[in-house]
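Visitor: The amino acid sequence is not available; the structure is as follows:
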């Protein structure tokens, strides 16, 4: 980063802003990513500790009409099943699938919470990667199977061809009447952050912006606000003080209870730097990064746009503006008040 | 359907290729037969809205087709013990699934075969199937 100031005072301010912005951004990014990962790990451990959780028994016992329908659709002419009164082993899961309309009952599994948490953190894509089934014996006509699910583990985050994601693994065992296991399945899915939004017109898709903010339990409210065009500042539900960047604990009263207020969106440049080199992916140089002081009492780091970088000055009045960086990501930026 | 003679099933034996046209009827009828009503397996518009180019085979069907492929060859006497599938690219309606397989191990009654299911985009499924003859 290179300063553009002309006197010693400005240079010192810039230097301070530079190191403050740099270390704040660095520690916020690191702790945000780390704490998101930690939260997921904790949840995964908790769900795994639940062990095997029994689900609802199949709506119907193993029966000839469903077997016949399945064999017909698969084009499977093997006479062994109906002749011997057993089901094709690969049908194990079919008996306990939900219908078009879920039947209710205790259909929840230890897997659900993990998948929901991954979705809340932006890992909205899902693709199955592995399915391994072991058949202890073929299920017999008249038996009613009951599934039992055990969450086995979470691995990640990993970069994949589809996007960054976590691999979630679970096991299902199907029990016949009584406690005899008939079949087991290990199932693994990749929950990923899609690189691009699925759109009807892919030609109009924009290149994904390469710099993604870390969204986690501490910062999700802020990014949700950005999506709605609101600048949200974390507040302590204990002592009421505002703080930014968001964090888990109030630095003044140590309360972990938190809320937020919506800032008016005005601010003044407290300090700034102009970045010339090295190149930054997705952003032409030079560009100005400012520490903006809000009348609400906190400072927030952001790029200054709609203004040549050389014209940014300390004390300049700015107003928040929201820019869609690609088809998914919106960032809050700062523009001169006058423009 | 042939009657198995266990001696045919030695390591190195090659299963005859089976190609299956993935018509929309096949994709939809297998989705319903496996009780999987997820829209991407029967609703073209729904599938496209999620970024897929068309409806595609569900996993339970892939398992079922791998099972069928092996038992078409072994005949009705074989007992399937285990099917491990690693899933690859989607198998879209309008594509063609080509199943090939090789016996890779034989220990007494236990036989292991590797099965590959290819579509135009690449490997849809890479499977290891274990079966025995009673």
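Guide: Yep, it's here. Remember, predicted model here, so these are calculated numbers, not experimental data.

Visitor: Can you get me a residue count around the closest residue to chain A within chain B?
Guide: Chain A sits closest to residue B:51 of chain B, with a gap of 2.8 Å, by C-beta to the nearest C-beta. Any C-beta I mention is one placed from the backbone N, CA and C, and that applies to glycine too. By other C-beta atoms under 10 Å in any protein chain shown, 15 other residues sit near residue B:51.

Visitor: again with the one 5 residues further on
Guide: Residue B:56 has 22 neighbours, counted by other C-beta under 10 Å.

Visitor: Tell me if I am right that the residue of chain B closest to chain A is in a strand.
Guide: No: Residue B:51: not assigned to a strand; according to DSSP: H, G, I helix; E, B strand; the rest coil it is coil.

Visitor: Would you tell me which residues of chain A are close to chain B?
Guide: A:66, A:69-70, A:72-80, A:83, A:88-91, A:93-94, A:97-100, A:127-135, A:138, A:194, A:196-200 (C-beta under 8 Å from any C-beta of the partner chain).

Visitor: What is the single longest helix found in chain B packed up against?
Guide: When chain B is parsed with DSSP state H, its longest helix is helix B:59-74. On a contact count with 3 or more C-beta pairs under 8 Å, 6 or more residues apart in numbering or on different chains; DSSP states H and E, helix B:59-74 meets helix A:64-74, strand A:125-135, strand B:14-21, helix B:24-33, strand B:79-87, strand B:96-107, strand B:110-119, strand B:122-132.

Visitor: Relative to residue A:236, which of the ones you listed is closest?
Guide: strand A:125-135 (35.6 Å; C-beta to C-beta).

Visitor: Skip the chain neighbours and tell me the closest residue to residue A:267.
Guide: Distances taken as C-beta to C-beta, 6 or more residues apart in numbering or on different chains place residue A:292 nearest to residue A:267, at 4.0 Å, with adjacent residues excluded.

Visitor: What mean pLDDT does the helix or strand that neighbour falls within get?
Guide: In the assignment (DSSP states H and E), residue A:292 maps to strand A:287-293. Mean pLDDT, strand A:287-293: 95.

Visitor: Name the residues that touch it?
Guide: Strand A:287-293 is contacted from outside by A:17, A:20-21, A:267-275, A:280, A:299-304, A:307, A:309, A:312, A:318, A:334, using C-beta atoms under 8 Å, 6 or more residues apart in numbering or on different chains.

Visitor: ok, then the element right after that strand?
Guide: Per DSSP H and E, the first helix or strand lying C-terminal to strand A:287-293 is strand A:299-304.

Visitor: what's the angle between that following strand and strand A:287-293?
Guide: 150 degrees (axes from the mean of the first three to the mean of the last three C-alpha atoms, to 10 degrees).

Visitor: any idea how far strand A:299-304 is from the chain center?
Guide: 24 Å (C-alpha atoms, centre = their mean, to the nearest Å).

Visitor: Could you list the buried residues of that strand?
Guide: A:299, A:300, A:301, A:302, A:303, A:304 (16 or more other C-beta atoms under 10 Å in any protein chain shown).

Visitor: Now, the contacts of strand A:287-293 that are in strands?
Guide: Counted as lying in strands by DSSP state E, out of these, are A:267-275, A:299-304, A:318, A:334.

Visitor: Quick check: chain neighbours aside, which residue is closest to residue B:66?
Guide: Leaving aside its sequence neighbours, residue B:66 sits nearest to residue B:127 (C-beta to C-beta, 6+ apart; 4.9 Å).

Visitor: again with residue B:14
Guide: residue B:102 (5.5 Å).

Visitor: and the one you found, what does it touch?
Guide: With C-beta under 8 Å, 6+ apart, residue B:102 has these contacts: B:12, B:13, B:14, B:15, B:113, B:114.

Visitor: Just put the helices and strands packed on helix B:59-74 in a markdown table and tack on mean pLDDT and distance to residue A:109.
Guide: A markdown table is the format used below for the helices and strands packed on helix B:59-74 (pLDDT from 0 to 100; distance: least, C-beta to C-beta, whole Å):
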| stretch | mean pLDDT | distance to residue A:109 |
| --- | --- | --- |
| helix A:64-74 | 98 | 23 |
| strand A:125-135 | 92 | 15 |
| strand B:14-21 | 96 | 32 |
| helix B:24-33 | 98 | 22 |
| strand B:79-87 | 97 | 21 |
| strand B:96-107 | 95 | 30 |
| strand B:110-119 | 96 | 28 |
| strand B:122-132 | 96 | 25 |
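
Visitor: Test my guess that residue B:19 contacts residue B:117.
Guide: No: here residue B:19 does not reach residue B:117: they are 10.3 Å apart, not a contact under C-beta atoms under 8 Å.

Visitor: Of these two, which one has the most company?
Guide: residue B:117 (25 against 10).

Visitor: and residue A:44, helix, strand or coil?
Guide: With three-state DSSP as the basis, residue A:44 sits in helix.

Visitor: ok so, going back, tell me what angle the longest helix of chain B forms with strand B:110-119.
Guide: 120 degrees.

Visitor: model confidence over helix B:59-74, on average?
Guide: 97.

Visitor: on that earlier part again, show me what the residue nearest to residue B:66 is bridged to.
Guide: Residue B:127 has these beta-bridge partners by DSSP bridges: residue B:85, residue B:115.

Visitor: ditto for residue A:154
Guide: residue A:168.

Visitor: what does chain B put close to chain A?
Guide: Residues of chain B lying close to chain A by C-beta under 8 Å from any C-beta are B:1, B:20, B:26, B:29-30, B:32-37, B:48-52, B:59-68, B:71-72, B:76-77, B:79-87.

Visitor: Among these, name the buried ones.
Guide: Looks like these have B:20, B:26, B:29-30, B:32-37, B:48, B:59-68, B:71-72, B:76, B:79-85, B:87 buried, using 16+ other C-beta under 10 Å.

Visitor: and the most far-flung residue of chain A relative to its centre, what is it in contact with?
Guide: What lies farthest from the middle of chain A is residue A:83; by C-alpha atoms, centre = their mean that is 49.7 Å. Applying C-beta under 8 Å, 6+ apart, we find residue A:83 in contact with residue B:76.

Visitor: Hmm, residue B:112 and the residue nearest to residue B:66 touching each other?
Guide: No: applying C-beta under 8 Å as the test, residue B:127 and residue B:112 come out as separate, 10.8 Å apart.

Visitor: the more surrounded of these two?
Guide: residue B:127 (25 against 17).

Visitor: The more buried one and residue B:100: what is the separation?
Guide: 11 Å (C-beta to C-beta, to the nearest Å).

Visitor: where do the contact lists of those two overlap?
Guide: B:115, B:116.

Visitor: if we can go back for a sec, report the inter-axis angle for the strand holding residue A:292 versus strand A:266-275.
Guide: Interaxial angle, strand A:287-293 versus strand A:266-275 (the same axes, to 10 degrees): 140 degrees.
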